[in-house]
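> What follows is a predicted structure for the sequence shown.
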Amino acid sequence: ATTEIYTLSLHDALPICSGALSSLSQGLSAVADRIGPEEAARACAPAADTLAQAMGKTTDPKVLHSLSLGLAAVADRMNPEEAAQVCARAASTLTQAMGRTFEYRVTVHLSQGLALLADRMDPKEAARAQSRVASTLTQAMSKTRILSTLRELYRCLTLVAARLEPKEAARAAETLMQAMGRTTSSGALSYLSQGLSSVAARMEPREAARTCAPAAAAITQAMSKTTSPGALSYLSWSLSSVAAHMGPEEAAQTAARAAATLTRAVGKTTRPSTLQSLAQGLARLAAHMGAKEAPRAAATLTQAMSSTTHPDALRHLAQGLSSVATRLEPKEAAQAAATLTRAISRTTSPSALQYLSQGLYPFVARMGPEEAARIAAALTQAMSKTNDSDALRSLHQTFSTVLSKLEGSEKTRRVRSVVSSLVPLVGGNLQAGVL
């Protein structure tokens, strides 16, 4: 009876308020969860037809998006073949509406609606619809330099790119590459290259590599011409995305040039917000760094960590260092760990202790017994200097990992030292945790 009420309400709402249909259909979907599959399918089929009819009678993009949301909800309860048919009708309405406008907000709402329906459609039909949407989105991206617009269009492109055929993806990539060649804006390059990365994932690997190489070159060139830490961080993010589709050697060469730009910038500043952005950039490039670049980046990051106590800067520097740690040789890892250990010994700032110890954590696996003993001593001393719970937690986590590198008698001695120094501060609960 409840499903009949919802179905009748949907039909009654059709000539009155298209916007109300989405809420009613989602209510019907929720009720359908509590009845048998066959009954749910019978109840939802007329509701889906009503929603598809409503979509054909409005041109409001927000209403179309809302109705798509409702249709997706009830289609999930229907027979797959019937759901595919009604969603295909609705998708046709959306693609026709996209063909009538170049206004980006309309394009965004319609492409989001189509992405909702595509999962319920026949795969081939969904791919054809999504290719038309991708073409519209990439054309729109090539015609605007408004960053907020590019951001929304790029996000929509990532929704539809997963269903593109290689040929359609290549066409979309060509449009984006042409747009990248016409701009020098760091922000525009960033969003255009992110869009390129999303469609490159659907291209043939060799063609994707050929397409992404000039995009990477454009990004690294833009990085060399800006001093804005925010722009450098965003461009690094974009470069990492396109480098993922390039050959390993070519990606490493590109990352080396970008990393050199970032490490020079890190070495010239102590400003926390700048260090934060630059460290994020290095972290994003770490996966593509070669044997020469990773040690330089690690040395720069550890030096920066030893010269600041700002929590945000330390947090991101530690994250950047963690990203490059696994690409270091043992000797280089030991040098980075030693720099962090000295910084821990010099500070009493709770936030600095917290993030410096987090930065030290990824190096523990590379330590020998002697180095582990020295670091354990520094961590023990640091734990005795603070009663801040967050700092103690991070220090204790790193210390516990260091213990695994110590030999029997040295391990026992360090545990006893920590217990004796911490019991007066935090009581028996931490003693039990350390032991």
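Received it, and whenever you're ready, just let me know what you need. These numbers come from a predicted model, not from an experiment.
> Tell me who's in contact with residue 130.
114, 115, 118, 160, 163, 164 (Cβ atoms under 8 Å, 6 or more residues apart in numbering). Bear in mind the C-beta positions are built from the backbone N, C-alpha and C, glycine included.
> need the strands for the stretch 301-435 of the chain, in chain order.
Taking DSSP state E, counting those that start in this stretch to define them, one finds no strands in the stretch 301-435 of the chain.
> Any chance of the contacts of residue 130 in JSON lines with distance to residue 75 and pLDDT as columns?
Shown next, in JSON lines, are the contacts of residue 130 (distance: Cβ to Cβ, whole Å; pLDDT from 0 to 100):
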{"residue": "114", "distance to residue 75": "13", "pLDDT": "85"}
{"residue": "115", "distance to residue 75": "14", "pLDDT": "85"}
{"residue": "118", "distance to residue 75": "11", "pLDDT": "88"}
{"residue": "160", "distance to residue 75": "18", "pLDDT": "86"}
{"residue": "163", "distance to residue 75": "17", "pLDDT": "85"}
{"residue": "164", "distance to residue 75": "22", "pLDDT": "90"}
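> now those as CSV including neighbour count and secondary structure?
Formatted as CSV, the contacts of residue 130 follow (neighbours: other Cβ atoms under 10 Å; DSSP: H, G, I helix; E, B strand; the rest coil):
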residue, neighbour count, secondary structure
114, 30, helix
115, 22, helix
118, 23, helix
160, 27, helix
163, 23, coil
164, 25, coil
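> On the three-state scheme, residue 246 is what?
Following DSSP: H, G, I helix; E, B strand; the rest coil, residue 246 is assigned to coil.
> tell me which element the most centrally placed residue in the chain is part of?
For the chain, the residue nearest the mean C-alpha position is residue 237 (9.6 Å; Cα atoms, centre = their mean). Following DSSP states H and E, one finds residue 237 within helix 229-243.
> Packing partners of the next helix-or-strand element following that helix?
Next along the chain after helix 229-243, taking DSSP H and E as the criterion, comes helix 248-267. In terms of contacts (3 or more Cβ pairs under 8 Å, 6 or more residues apart in numbering; DSSP states H and E), helix 248-267 is packed against helix 205-224, helix 229-243, helix 272-285, helix 293-306.
> between those, which one is nearest to residue 109?
Residue 109 lies closest, by Cβ to Cβ, to one member of the helices and strands packed on helix 248-267: helix 229-243, at 25.6 Å.
> Low-confidence regions, this structure specifically.
Counting by pLDDT under 70, the chain has low-confidence residues at 1-36, 101-102, 408-435.
> in the stretch 301-435 of the chain, which spans are helices?
311-325, 330-346, 350-360, 369-384, 389-403, 408-426, 428-434 (DSSP state H, counting those that start in this stretch).
> For those helices, state which one has the densest average packing.
helix 350-360 (a mean of 26; mean count of other Cβ atoms under 10 Å).
> what residues does it touch?
302, 305, 309, 311, 314-315, 317-318, 321-322, 337, 340-341, 343-344, 347, 375, 379, 382, 385-386, 388, 390-391, 393-395, 397-398.
> The residue nearest to the centre of the chain and residue 173: what is the separation?
Distance of residue 237 to residue 173, computed by Cβ to Cβ, to the nearest Å: 19 Å.
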